Structure formats: C-alpha cells, structure tokens
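1. whatever this is, show me its structure:
(one chain, ligands or ions: 1)
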Amino acid sequence: MFFRMAIFIPEKLATAGAKAIHIKRALSQLDDHFVVRSPFQRRSWLPDFLLQHAQRGWLAMAVCDLAFAHIPFGRRLFEPSKPSAFEALLQDFQQFDQGRAAPAAKAPAHGATKPSLPKVVLMWRCNRQEVQHLAARFGATHGLVFVSKEALQAEGAALLTGLLAPLDLPQSQALLTHYFPEAEVPARATTRRLFVRDNRASLGKFFLDYNQEWAAKLDLRTPQDSDEASAHFSLRLVNGVAGSGKTLIAVARAMLLAELNPAQKIVVLIHNTPVVADLKAKLIRTHGALPANLRILTFFSWATSQWMRLYGYKPHFATPSQIKQVLASQRSAWPQLAHSDAQLLDELDFINDTLLENEAQYLQANRTGRGFALREKERSALWGLYQAVTQALATSPNKSLLWSALPRGICLADDHRKLALVDHVLIDEAQFFAPAWFQAVRLGMQGSGSLFLCADPNQGFMKNRLSWKSAGLEVAGRTKKLHRSYRTTQAILSAANSLLQQHTKADAEDFLQPDLSGMEPGQPPVLIHCDSQQDSIDRLLNEMELALQTPGITVDNILVVFGDPRLQQPLYERLRKRFGEQAVWSLNHEDTKNEPPHGLQRDYLRMASVATATGLEAGVVFLIGMEALVSASAHAAWQAHREQEARTAATEAHVRKLYMAMTRAGQSLVLLASQPVAAGIARHFKQM
Ligand SMILES: Nc1ncnc2c1ncn2[C@@H]1O[C@H](COP(=O)(O)OP(=O)(O)OP(=O)(O)O)[C@@H](O)[C@H]1O
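-> From the prediction side, this is the model:
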C-alpha cells in the first residue's frame, strides 16, 4: 500500500546536519494524518516540534543533545543559582504553555480538569537504559516523558501516537494562535465567515489548512539558519484554483519574511491596482500598519520607480488616443498588414513582453496561441511597424512609451547597477505577468533572495499561452497545486468551472480541476434578463436591497463588477444615491483607486470594472453590463473569425474573464443582462 507521510511545516528542519536528517527520518514514519510543525523561535524558549494528529491530538517535543554523563543527577553543590543546560531545558519545557493553559485548566466544564499538552524530551545521545534513569528521576517532577533515539527509531510512529493527547477545539486553536500566529486567518479577511454556522462561528477562528501553511512556509529561513542554505536563490510557484487562498498565503508569507528578517526588504507585487488597494485596506484594518520592511504595490508602480533610477526621469505613458493616432499614421506604410488595430497593438505588446530585440528574433519567435497567424513577410512588416510606433512615441513632445515598453526598458538597459535591490519578491496573480516583467523583477533582486509566485492558470495565462519556462522560470518540481476553494460555494464554482471546461481546450498541464468535496452546496448563480441597461441598474438596486436583508450581509460584503466602462459613472451615482454619499468605493476612479474615499475605518460597498476585478472578492457579487462577455451576439462575433485559432483564442480569453468574474463571489452571484445571453453561458445559471 502507498504510504503517505506526515506533513512537515516548514518542510526543511531549521537545524542542519546528520541529526536533523535522522530526526526527520524517524518522524517521517508518522502517516499523513500528522502535521509536524517547528515553531519559529520568536520567544525565549520553544520546543523543537509540535505534533498534531487529525483525531488523536497533540504532542510537544524537545530534542536534547546532551550525553548521559553530562546530566547532573544529584543536588548540585556549586552554582545553585545557575542551572545546568539540562535543568534549564527541563524548566523551560515544564513551564512551556503553562501560563497560557492555566486559565482554561482552572475552568473545567463539569468539574473535570481539561487535558494538558503532553511533552516529550527526545534524548538524542542516551540509550534506553539511561533514558529509564532520567524518566525515573525527572519524569514525574517535571511532567515530561523521555524517549531515546533508539526507541524513536524502532517504534517511532506507535510510540509517539501513544503519547498524543486530544485537546478540545478552543485549546487546540489557542495553541495555533499562540505559537503559529502566522497561520491564523483573520475572520474579517475571509468570506468563509459567512458560511460557518457551527460552533466555530462563535469562536471566530480560522487557520490556513495544512497545504496552505506548508506552501506559505516553504524555504523560509531565519537569519540564524545556516549560511550555506541562504546563499541560494529560491523559486516557488503556488498554482491554485480561484479562492484557494493564494493571496492569503502570499500575504502570510510576506509578513513572516518581514518579521523573521527585519534587515531584509520584502515586496509583494500584484498586477491589479484595485486589489492592491483592497488588500492593503484589509491588512491595515486587521494588523494595523504594515511592517516597515514590507511593501505591497502594483508591478507597474514598482517598475516605474526602477525605471526612474535607471533613466533619471519619470516615464510618460502614451494615452489610448495618442496610440490610436500614432498607429493610424504609421500603419499606412505597411499596407500588407490587414489586421485590426487591436491585433496590431497586441502584437507590439507581445514584442515588448517577450523581449524580442531584433527582426531576426521576431521572425523566429514562437507565436503559438496568439490568435492570428502572420506570414513571414507580415512579420517583417510588423517589426517595421513596431520600430516606427516606438520611435514616433519616443520623439513625441511628451516622450511617451507603451506600457509594455516599461519592463522591456528596464531589462534592456545597458547598466543595471542603479536598480534598487530587494531580498524577497512575492507575486500574486502571476498568470498575468509577462516574461519581461519577471525578468525586470529578477534584475531587482539580491542573488540570495526568493521569488514566490501565486497563479491560477484557469483565469488566464501570461496573455499568450506562454509557459513559465519561456519566461525563464524553472518551476518543475517547485510547484504546489491547491484544488480547494474557500471563497465560494459548490454551486458557484461548479457552474464557473463547467463553463470554462465547455469553452476551453482542456490542457492537462495548465488546467486546475477544483476539488468540490466538502464545500458548502449553496445556490446556483442567477441570471436576470433585463430590458435595457437602465432597467438592469434598477434591478441591481432592488436585488442589493434584498441581499442586505440576509442576516450577516452588510454593504462591505457586496461587490459590483461592471463590464461596460460607460456604466461606471451612472452606477456610481445611483449607488451613492441609494446607499449613501460616503458608502461607495469605486475602485477605478482616479482619486480612489489607491485608497477608499473616506478612510480605512469604515465599510464600503465596492464597485470595480471587470478588467480590474481579478483578486477581488465579496460574499455577494453582481455582474452587470457584461454583454461583451456573455451576449449571444458577442459569441457569434468570436465564432465569425475566419481562422480556427482566432476563434479559439477569442472564446477562451472572454470565457476566462467571465470565469474570473464569477469566482469573485462567496455566497451569491447574480448576473444582470440587458441583451440575450448565449445559450452556452445561460445554461450555467438559474434564469429569472
Ligand atoms: N484556510 C482558510 N480558512 C478560512 N478562509 C480561507 C482559508 N483559505 C482561504 N480563505 C478565504 O478564502 C477567500 C479566498 O482566498 P484568496 O483571495 O487568498 O484566494 P485566491 O486563491 O487568491 O483567489 P483568486 O485567485 O480567485 O483571487 C478569502 O476570503 C480567504 O480569506
């Protein structure tokens, strides 16, 4: 039978050397119902391990390296004020967790005492007989069990299992909160709190699950850990379905890194401005200020500051109308390019994103998945157009550039010495990053740092189906997949998932199948047909009123995602009129895109465009003005592309976006449509 072993968190033991290998091997005999945690040594003294078994309970373990001959047995005549190393260990271990456990122990439910945490000392250099002596002398007086290395190696799993003691839920949660605070999920920060109806609701405690905690602590090192290990650059990828806790993991890890390495710089980069604003607002409300050595910002604001260091001036990005004008004036020189403006611009971005430096490289470039073919002559023409547009923008009065040229400019600069370097970078929503972005990030890192990526390939993949490898990232064997969603219900996730599967080519390597088992069943997503856009806004307001009558739902549990940008202003006005001037946070308004309009300490009803909704979430989500993604006419237009590749690319891009928008919802999802919805989409909703 296949044996799965205990989960070690962190995976690597902090201590190096043969002893660590032996201990790990012995503890590895435990099966996968066990979690073996090593606490970060934040306090004066902590045991080496806390073992937790799903049903059988807990055990604290300290490892003692002293030989029997060095253990003082009798009363010591000299230096009584200075306990020996062994005595100090016994005292520390005896006292460990006592202060914290005492109040609970004093207040037993029915007169019985609460169970206490069992403690075992692993005497690494004593044999069984010597350990018997120690147990007889110190066991009862200090409330400790002694075990020899030999016994552990021979009877490991059975021995330790026999020592475990079950603790009740509050005790167990208190242990985690106290010694592994990084694993706690603040109740305010989880849509899950809306689901919980059992006792846990009253306790209000949530924790990362084992897989999440394991991923969050991979390769974490304290400065005290071995220098040899910390000399290496580490790369990790967490691939997870929507709502599987990727952002949560990235933030928990970033906070830990900041705490454990106060002298190092940590940066969390996210593509999307509203997510950064939303995340920071939540973090500041739950944790207070962020650690001084941790920054959370958009990739482009980070890249802009790096650009300024390299080139000495602030880059000026061409506006959409300027780009349109320049393209219109330049493209006439290449009449063989019959493609749409959007396709040409997309191709210019592709050249920038993939760091193609000259025509020869571009002619050789792999364009698989780009959605439209280019013959060799057309590629040559496109390269000419690329140069002409870049040049025309650069020589315009405001010396502007395409957004995609910013990371390229960083990567291709002659001298990178002026770049600011950080130690650890965590990238959330890495599926939206392009190869040039990753390279720019890497150039801004210390050689011994770590790069931690979180991505959901189902929500889109590096724009043009590029692989991690093509972006210079060797993630094979360094990837953790998360299949469980905590955000949403079975009904919503399975609807979104089957919609995605129906419309995309199943690519086994990239597609993440969610694990729906054990999820809250929930209600299916609802589709409301409206007569016009005006009508859809009226219906939206009514549906929101209804939602707010649900116990536990307040305005901050609601997110409105709009597709048509023209809806932004009328929606904003109507929502403010109905719910209060100060109640709405429009995440796309220029002056409130970085922080909420009236301070962090109040709740807001949030609204965001679908283009910027990635990473956001709410218990109740309304999708409105999404005709470009869902209407029958939009579908017909994608299907009208002459080339099969273009049809597939257009369909996939739109459906992935819709999948992303649908999976923003926790408990309830409502789509309001003012045009007939394509049958292939409507069938995944309950229609009203
Ligand atoms: N172990 C957990 N216990 C309680 N809540 C959790 C847990 N893991 C995740 N959550 C909650 O589930 C929701 C989704 O988490 P998060 O936003 O980190 O997921 P994600 O993988 O980044 O999603 P997406 O890629 O769709 O944006 C959040 O409200 C988060 O707090």
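
2. ok, which residues in the stretch 201-350 of the chain are in contact with the ligand?
-> Residues of the stretch 201-350 of the chain lying near the ligand by Cβ under 6 Å from any ligand atom: 206, 208-209, 212, 240, 242-248. C-beta: built from backbone N, CA, C; applies to glycine.

3. just put those in a markdown table and tack on secondary structure and neighbour count.
-> Listed next are those as a markdown table, based on DSSP: H, G, I helix; E, B strand; the rest coil; neighbours: other Cβ atoms under 10 Å:
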| residue | secondary structure | neighbour count |
| --- | --- | --- |
| Phe206 | strand | 20 |
| Leu208 | coil | 23 |
| Asp209 | coil | 16 |
| Gln212 | helix | 24 |
| Gly240 | strand | 27 |
| Ala242 | coil | 27 |
| Gly243 | coil | 25 |
| Ser244 | coil | 27 |
| Gly245 | coil | 28 |
| Lys246 | helix | 24 |
| Thr247 | helix | 23 |
| Leu248 | helix | 21 |
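
4. which one of those residues is nearest Asn594?
-> Ranked by distance to Asn594 (Cβ to Cβ), these are led by Thr247 at 17.7 Å.

5. what sits against that closest one?
-> 275, 279, 428, 454, 615 (Cβ atoms under 8 Å, 6 or more residues apart in numbering).

6. quick one, phi/psi of the fourth one?
-> The main-chain torsion angles of Cys454 are listed as degrees, to the nearest 10 and equal phi -120, psi 130.

7. quick one: contacts for it?
-> 237-238, 240, 246-247, 249-250, 426-430.

8. in the stretch 501-650 of the chain, what residue comes closest to the ligand?
-> Of all residues in the stretch 501-650 of the chain, Gly615 sits closest to the ligand, at 4.4 Å by Cβ to the nearest ligand atom.

9. that residue: neighbour count?
-> Neighbours of Gly615 under the rule other Cβ atoms under 10 Å: 25.

10. how about the one 3 residues further on?
-> Per other Cβ under 10 Å, the neighbour tally for Ala618 reads 26.

11. partners of the residue nearest to it when sequence neighbours are not counted in the sheet?
-> The shortest distance from Ala618 to any non-neighbouring residue, by Cβ to Cβ, 6 or more residues apart in numbering, is to Leu559 (3.5 Å). Taking DSSP bridges as the rule, Leu559 bridges to Arg606, Val621.

12. what lies in contact with stretch 32-51?
-> Under the contact criterion Cβ under 8 Å, 6+ apart, stretch 32-51 has outside partners 4-10, 13-14, 27, 30, 52-56, 58-63, 92-93, 96, 119, 160, 164, 175, 179-180, 182, 210, 220, 222, 224, 256, 259-260.

13. so what does whatever helix or strand Glu652 lives in touch, helix or strand wise?
-> Using DSSP states H and E, Glu652 maps to helix 644-662. Counting by 3 or more Cβ pairs under 8 Å, 6 or more residues apart in numbering; DSSP states H and E, the packing neighbours recorded for helix 644-662 are helix 490-503, strand 618-624, helix 627-630, helix 632-639.

14. now those as CSV including mean pLDDT and distance to Thr554?
-> Listed next are these as CSV, based on pLDDT from 0 to 100; distance: least, Cβ to Cβ, whole Å:
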stretch, mean pLDDT, distance to Thr554
helix 490-503, 94, 20
strand 618-624, 97, 9
helix 627-630, 96, 28
helix 632-639, 91, 34
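
15. give me phi/psi at Lys686?
-> According to degrees, to the nearest 10, Lys686 has phi -90, psi 120.

16. what residues are up against it?
-> Shown in contact with Lys686 (Cβ under 8 Å, 6+ apart): 523-527.

17. confidence score at it?
-> pLDDT, Lys686: 96.

18. would you map the helices across the stretch 401-550 of the chain?
-> Taking DSSP state H, counting those that start in this stretch, the helices of the stretch 401-550 of the chain run over residues 405-411, 435-443, 462-465, 490-503, 533-548.

19. can I get those in a markdown table including mean neighbour count and distance to Phe579?
-> Formatted as a markdown table, those follow (neighbours: other Cβ atoms under 10 Å; distance: least, Cβ to Cβ, whole Å):
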| stretch | mean neighbour count | distance to Phe579 |
| --- | --- | --- |
| helix 405-411 | 23 | 38 |
| helix 435-443 | 22 | 38 |
| helix 462-465 | 21 | 36 |
| helix 490-503 | 20 | 24 |
| helix 533-548 | 17 | 8 |
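
20. out of those, which gets the lowest mean score?
-> helix 462-465 (a mean of 54).

21. quick one: mean pLDDT over stretch 58-67.
-> Rounded mean pLDDT across stretch 58-67 is 94.

22. actually, stretch 160-180.
-> On average, stretch 160-180 scores 91.

23. and stretch 605-614, how far apart are its ends?
-> In stretch 605-614, first residue to last residue: 17 Å (Cα to Cα, to the nearest Å).

24. list the buried residues in that stretch.
-> Neighbour counts using 16 or more other Cβ atoms under 10 Å place 605-610, 612-614 of stretch 605-614 among the buried residues.

25. any residues touching it, and which ones?
-> In contact with stretch 605-614 (Cβ under 8 Å, 6+ apart) are residues 271-275, 278, 429, 432, 459, 544, 555-556, 558-563, 565, 568, 571-572, 575, 579, 583-588, 616, 618, 623, 626, 629, 657, 660-661, 664.

26. can you flag the buried ones in the residues you listed?
-> 271-275, 278, 429, 432, 459, 544, 555-556, 558-563, 568, 571-572, 575, 579, 583-588, 616, 618, 623, 626, 629, 657, 660-661, 664.

27. for the stretch 351-500 of the chain, which residues are neighbours of the ligand?
-> Counting by Cβ under 6 Å from any ligand atom, the stretch 351-500 of the chain comes close to the ligand at 456, 486-487.

28. domain ranges for this structure?
-> With the TED database as the criterion, the domains of the chain are listed as 7-104+113-175, 234-312+421-482, 319-401, 490-687.

29. does the first one reach the ligand?
-> It stands for domain 7-104+113-175. No: Domain 7-104+113-175 stays out of contact with the ligand when judged by Cβ under 6 Å from any ligand atom, the minimum separation being 12.2 Å.
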